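Q: Compute the structure for the input listed below.
(2 chains)
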Number of protein chains: 2
Amino acid sequence: MIEDLSCSQQEILDAAAECFMQMGPDVASIDDIARLLGSTKGRVYHHFRSKGELLYAVRLRSVSLLMEKVRPIAMEDKPPVEKLRAMSIAHVLRILKFLSYHRVVSEDTRMFFRGSAKPQEMEMIEKVIEMRRAYENLYRTVLQEGIEAGVFARQSVSITLHSIIILMNGPCFWYSPRAEQSSKDLAEIAQSVSNLVLRAVLTDPALLQEV
Amino acid sequence: MIEDLSCSQQEILDAAAECFMQMGPDVASIDDIARLLGSTKGRVYHHFRSKGELLYAVRLRSVSLLMEKVRPIAMEDKPPVEKLRAMSIAHVLRILKFLSYHRVVSEDTRMFFRGSAKPQEMEMIEKVIEMRRAYENLYRTVLQEGIEAGVFARQSVSITLHSIIILMNGPCFWYSPRAEQSSKDLAEIAQSVSNLVLRAVLTDPALLQEV
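A: Below you'll find the model as predicted:
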């Protein structure tokens, strides 16, 4: 789906995502990114020609990071409840682990709707939105399967889809990483959010325990 | 809670919120706002000394708009399920009706966390955040009442609170107003989102029907 990134490219993107998140994509410069990397601008320019290209790569990677974990689960032959459970936990864990990527992206979708993006940017953002749509369709499918199987409530698929995506992206808005946070803590957050997602769609919350 | 606004002030704020949403608060100017109003800059300056003051008033009003509808419901002596139902419907309807205000505000909370706000702005944003916290506490209370009454599931109150607020603010992100949208359509959206909120917290979805 996305070209394989070298370790060096990933490292640069991690630093870029962090800078974009902290300073905003308009303010952050290649200098800032190089400084955070403890590296030279030359190293950054070796892989990415401009800040625009970096921002685009950050956006693409934000969806890829979700896709690569969630898609294989969506493709498994499992009952819808179990599948949505596993998909939502994987999604939240990715959000928590790569918070800066997802914060940057949730921000610039706004720019797109506002129409303040430049034509070239628009094209990139459109491609990212297309990928995100493909990602959301994984959830649309499992929702429809669950409704047909009678385990998910019959309610507007489109509002439900938007709502569970928002719920799963929630940590972007409210989660502040702490130094002493363990992977057990993160798993608990993912579990709690996933419970809310499942409750929101299940016809019978007793099904929650069976997972 | 907030000084009563005159009709003229409200009209100016409506235009300001619209401009801030469409162009972003950094780009939008008093000129743009006056143009949208079909009025002079003088009229705007008569009520608000600067763009910063306008932005602040838009932020304050976004919370007040929610508060004035939801607080009276929260104060009623009603069972938690019925109360959360009415509160969430009122919240979503306000979001849908005053979309531009809420879009502007959801955007600049980010600026606050990023620390890119100027000291004077920080003070204003802090006051808005404080008001928003008071607003969220209305939901915290009803959640706790429901858990104690055994009608809401025992799950982390803090994650649940964040999550239902995000759910109810969801239309900020995914709703695009259409010209032919009727108030019945809006009521249906509010009802659907409210159903998801209630399902997410109820121990037994049969309670959903009883409302």
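Q: Helices along chain A, start to end?
A: A:7-23, A:30-37, A:41-47, A:51-75, A:80-97, A:99-114, A:119-148, A:157-169, A:171-174, A:183-201, A:206-210 (DSSP state H).
Q: And A:I159, how close does it get to B:S192?
A: 4 Å (C-beta to C-beta, to the nearest Å). For every residue, glycine as well, the C-beta is placed using N, CA and C.
Q: Then A:G42?
A: On the measure of C-beta to C-beta, A:G42 and B:S192 end up 53 Å apart.
Q: Could you check which of those two is surrounded by more residues?
A: Neighbours per residue (other C-beta atoms under 10 Å in any protein chain shown) separate A:G42 from B:S192, with B:S192 holding more: 18 against 8.
Q: Settle this for me: that one is touching A:Q155, isn't it.
A: Yes - counting by C-beta atoms under 8 Å, A:Q155 is a contact partner of B:S192 at 6.1 Å.
Q: tell me the contacts of A:V44?
A: A:I12, A:I30, A:I33, A:A34, A:L37, A:L54 (C-beta atoms under 8 Å, 6 or more residues apart in numbering or on different chains).
Q: ok, now which ones touch A:P80?
A: Counted by C-beta under 8 Å, 6+ apart, A:P80 has contacts A:V142, A:L143, A:E145, A:G146, A:A149, A:V151, A:F152.
Q: Serialize these to JSON lines and add fields for distance to chain B.
A: Converted to JSON lines, the contacts of A:P80 look like this (distance: C-beta to the nearest C-beta, whole Å):
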{"residue": "A:V142", "distance to chain B": "16"}
{"residue": "A:L143", "distance to chain B": "12"}
{"residue": "A:E145", "distance to chain B": "18"}
{"residue": "A:G146", "distance to chain B": "13"}
{"residue": "A:A149", "distance to chain B": "16"}
{"residue": "A:V151", "distance to chain B": "12"}
{"residue": "A:F152", "distance to chain B": "10"}
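Q: List the contacts of stretch A:194-203.
A: A:81, A:84-85, A:88-89, A:92, A:143, A:146, A:150-153, A:155, A:160, A:163-164, A:167-168, A:205, A:207-208, A:211, B:153, B:155, B:159-160, B:163, B:167, B:196-197, B:199-202, B:205.
Q: Next, work out how far apart the nearest residue to A:K51 once chain neighbours are set aside and chain B are.
A: Spatial nearest neighbour of A:K51, chain neighbours left out: A:I30 (5.9 Å); criterion: C-beta to C-beta, 6 or more residues apart in numbering or on different chains. Relative to chain B, A:I30 is positioned 18 Å away (criterion: C-beta to the nearest C-beta, to the nearest Å).
Q: Return the residues in contact with A:H47.
A: A:S6, A:S8, A:Q9, A:I12.
Q: Tell me the one among the contacts of A:V44 nearest to chain B.
A: Closest approach between the contacts of A:V44 and chain B, by C-beta to the nearest C-beta: A:I33, at 15.7 Å.
Q: Could I get the contacts of A:P80 in JSON lines, plus columns for pLDDT and neighbour count?
A: As requested, these are exported to JSON lines (pLDDT from 0 to 100; neighbours: other C-beta atoms under 10 Å in any protein chain shown):
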{"residue": "A:V142", "pLDDT": "95", "neighbour count": "24"}
{"residue": "A:L143", "pLDDT": "96", "neighbour count": "20"}
{"residue": "A:E145", "pLDDT": "95", "neighbour count": "17"}
{"residue": "A:G146", "pLDDT": "95", "neighbour count": "22"}
{"residue": "A:A149", "pLDDT": "94", "neighbour count": "12"}
{"residue": "A:V151", "pLDDT": "94", "neighbour count": "18"}
{"residue": "A:F152", "pLDDT": "95", "neighbour count": "24"}
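Q: Apart from its neighbours in sequence, what residue is nearest A:L208?
A: A:L198 (5.6 Å).
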